[in-house]
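Asker: Fold the following and give me the result.
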Amino acid sequence: MTEHKIICGDSKKVSEIPDKSVSLIITSPPYPMIEMWDTMFSNQDPCISSFLEQGDGARAFHRMHDLLSKTWDECDRVLAQNGFICVNIGDATRTINGSFQLYSNHTQIINYFSGLGYSVLPDIHWRKPSNAPNKFMGSGMYPAGAYVTYEHEYILIFRKGEKRVFSEEEKSIRQKSAFFWEERNGWFSDLWEIKGTAQMVNNIKQGRERSAAFPFEIPYRLVNMYSIEGDTILDPFVGIGTTNLACMASNRNSIGVEIDPYIADLARQNIASSQAMLNRIIDSRIVRHLNYIDSLSKEKRDLCYRNEILGFDVRTKQETAIRIDHLSDVSIAENGVVSCTYNTQNELLPLY
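Answerer: Numbers count the residues shown, from 1 in each chain. Model prediction:
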C-alpha cells in the first residue's frame, strides 16, 4: 500500500514533514521573470513589484530567486542523505525598459545547490515540440536584431552526498523496481522530446488561471529513475498533483505542497479519481515493451531473458525481477490522504 498527501501551505516551511524523511524531490517551481508569476512573487515580497515598476529587472530577478531559495533550504532539511532533487525550470526572456534579455533561472538554481554542497549531475534538456512556423523573435530577416527562440527547458538533477547504499532488504526492492533496457536508453538521454500539457484550470474565479502542470511523463520517468518502490517523493510546488500521480503509478509514496487552496483541493480530487487512468498508463508501458521485443531481429530475440513474473521476454538479466503492479483500489480518507493498494499477484489486465 502507498499513501499520497496534499498539504495546503507554503513550501518554505512544511513542519508536517520530518527531517530526512524524503528520498526524492521532483518539482517545477514558478519561473522567475515569467509574467504569469509576477503577482505570486510580489505578494510574498512587495519589493519585487517595486523593482519591476522601476524597470530594474535584475533586482526583481534576484529577489524572486531569494524566495525560491527558502524552499530549497526546506527541501534540504527533509531530503535524506544520498537523496536526489530534480528541478524542471525554464529560463525567461523578457523586455524591460525597452531592453530584451535572457534571465537564466537554471544557473541560479545550480549555483544555489552547488553552494549547499550537492553534487551537480548531468542535466536533461526537455524540448517541447512546436508547430509554430516562425522560429525567431525580433526583426525578421535583418541581421543583429533577431533572437533565438527558446523551445527547451531544463531538468536539473542534484544528489545530496554520495551514492545511495542499499540494505539487503532494499536490494530486492531495487531489483523489482528496475526499468526496461529500452527505457534506460531513452530516459538517460540528455534530450527529452515530450509534448507540453494543457495548463488551464476550469474555475478561474476560485484560483489562479493556469495550473502550470508539467506532463505526466516527466515525473513518471524521474520517479522510476531515482527511487525504488516504497520510497517517499516530495513535490513542494505540486499544482494539480502530477507528481503524486506518477508515484501512484510507480508504487511510491508521495507528498505534495500547494499554496493555493483551490488548486490543492483540485489536486486531491485529481489523484483520488485516477485509478482507471493510471492502470491504462501502466498498460501502455507494458505494451511499449512488448512492441519493442517484437521489433527485434531473431538473433537478438534469441539472446533475450525471460521475466517469469510478467510472463514475457526482456533484454537483460537485470530485468528478470521487474514487477509491474496495477492499482486494485484508490481511496481517500477523511483527512484527505489517498491510499493505493496494488494487485501484487501480478495478474495482467484483460488487455493481455
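
Asker: show me what contacts Y103?
Answerer: Under the criterion of Cβ atoms under 8 Å, 6 or more residues apart in numbering, the contact list for Y103 reads 32-33, 57, 61, 91-94. In short, each C-beta sits where N, CA and C put it, glycine included.

Asker: Okay, and the beta partners of it?
Answerer: Going by DSSP bridges, Y103 is paired in beta bridges with A92.

Asker: pLDDT score assigned to it?
Answerer: Model confidence at Y103, expressed as pLDDT, equals 97.

Asker: what about it, distance to I228?
Answerer: When Cβ to Cβ, to the nearest Å is applied, the distance between Y103 and I228 equals 37 Å.

Asker: any idea which element R288 lies in?
Answerer: helix 275-295 (DSSP states H and E).

Asker: For that helix, which outside residues touch it?
Answerer: Judged by Cβ under 8 Å, 6+ apart, the contacts made with helix 275-295 from elsewhere in the structure are 180, 182-183, 216, 220, 245, 248-249, 301, 304, 310, 312-315, 324, 326-327, 329-330, 348-349, 351-352.

Asker: which is the next helix or strand following it?
Answerer: Under the assignment DSSP H and E, the closest C-terminal helix or strand after helix 275-295 is helix 298-302.

Asker: would you put the C-alpha positions of that following helix in PDB?
Answerer: Written as PDB, here are the backbone C-alpha positions of helix 298-302 (Å, rounded to 0.1, in the frame of the first residue of the first chain):
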ATOM      1  CA  LYS A 298      15.500 -13.200 -34.500                       C
ATOM      2  CA  GLU A 299      19.200 -13.200 -33.500                       C
ATOM      3  CA  LYS A 300      18.600 -10.600 -30.800                       C
ATOM      4  CA  ARG A 301      15.400 -12.200 -29.700                       C
ATOM      5  CA  ASP A 302      17.200 -15.500 -29.100                       C
END
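
Asker: Adjacent strands (with direction) for the helix or strand just after that helix?
Answerer: Tracing the chain C-terminally past helix 298-302 and defining elements by DSSP H and E, one meets strand 305-307 next. Strand 305-307 sits in its sheet next to strand 312-314 (antiparallel), going by DSSP bridges.
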